[in-house]
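K.L.:
Coordinates only, no sequence provided:
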């Protein structure tokens, strides 16, 4: 009678294949092929985002309401701390990928021919909870550093702290030109760092269940490989969000979910389904 023994390292099981998440983790992040983009691609992502919003408007409006309510809450909370308002507002825009996680799940469902579900989108974070928490912690640290840098800029370049009522007038005054230049420069550094590390990171973590470092490095690679299209994409996101915030944040009801869906298509275009192990 033959003795049963475990298979050796040279033996394999032809009928068993690792799933997409396992294959993704085994790949080197630097071996992952990325698409070369054109300057007009961000507009195509936006059109696809609008298409997905129309396909599941109830889900989109739910998350859009969350964006709008959070914008109102942030404004009410920080209107008495003008030094933090601009940095935290920009941080809110750049933390959008986390808020739009359910929208990525809905777009993925549409892509796979499934019917999106609000309940499923609300629980989309569960399989990657630990990774999402790590990545959120890193961005939170950057936001705290940005806020601290904002205070330093205010303290060094302005004689008095402006109130919330006259803050915009004070910022636009030519007497505070040094403040404007310094604040914009510091903000651009932090905003750029956050954007390049999170442009496609959250959709990638959701889709591939990869680790936070690999997702951030892939996002960096995408921005370095396609600087002009990704710069235009970041400018488009910022511009649309700023316009949507003007009428009491109500524009975020539509702009927020459309950008969320569009971000999924940006990720899918940069990391094609064949490379990401998707359908």
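P.N.:
Structure's in. What do you need? Just so we're clear, the structure is a prediction, and the values are computed from it rather than from any experiment.
K.L.:
Tell me where the stretch 101-250 of the chain has helices.
P.N.:
101-111, 118-122, 129-157, 167-172, 177-198, 201-208, 212-225, 227-245 (DSSP state H, counting those that start in this stretch).
K.L.:
Could you work out which of those reaches nearest to residue 60?
P.N.:
Closest to residue 60 of the helices of the stretch 101-250 of the chain, according to C-beta to C-beta: helix 101-111, at 7.0 Å. Placement of C-beta: from N, CA and C, glycine included.
K.L.:
Direction-wise, compare that closest one with helix 129-157 and give the angle.
P.N.:
130 degrees (axes from the mean of the first three to the mean of the last three C-alpha atoms, to 10 degrees).
K.L.:
Out of the helices of the stretch 101-250 of the chain, which gets nearest to residue 41?
P.N.:
helix 227-245 (5.4 Å).
K.L.:
mean confidence score for that closest one?
P.N.:
Taken as a whole, helix 227-245 carries a mean pLDDT of 92.
K.L.:
buried ones in it?
P.N.:
Across helix 227-245, burial judged by 16 or more other C-beta atoms under 10 Å covers 229-234, 236-237, 240-241, 244-245.
K.L.:
and among the helices of the stretch 101-250 of the chain, the most buried is which?
P.N.:
helix 201-208 (a mean of 27; mean count of other C-beta atoms under 10 Å).
K.L.:
which helices and strands sit right next to it?
P.N.:
Packing partners of helix 201-208 (3 or more C-beta pairs under 8 Å, 6 or more residues apart in numbering; DSSP states H and E): helix 20-26, helix 96-99, helix 101-111, helix 129-157, helix 212-225, helix 252-270, helix 273-276.
K.L.:
and those helices as a markdown table, adding distance to residue 60?
P.N.:
Formatted as a markdown table, the helices and strands packed on helix 201-208 follow (distance: least, C-beta to C-beta, whole Å):
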| stretch | distance to residue 60 |
| --- | --- |
| helix 20-26 | 27 |
| helix 96-99 | 13 |
| helix 101-111 | 7 |
| helix 129-157 | 21 |
| helix 212-225 | 24 |
| helix 252-270 | 3 |
| helix 273-276 | 23 |
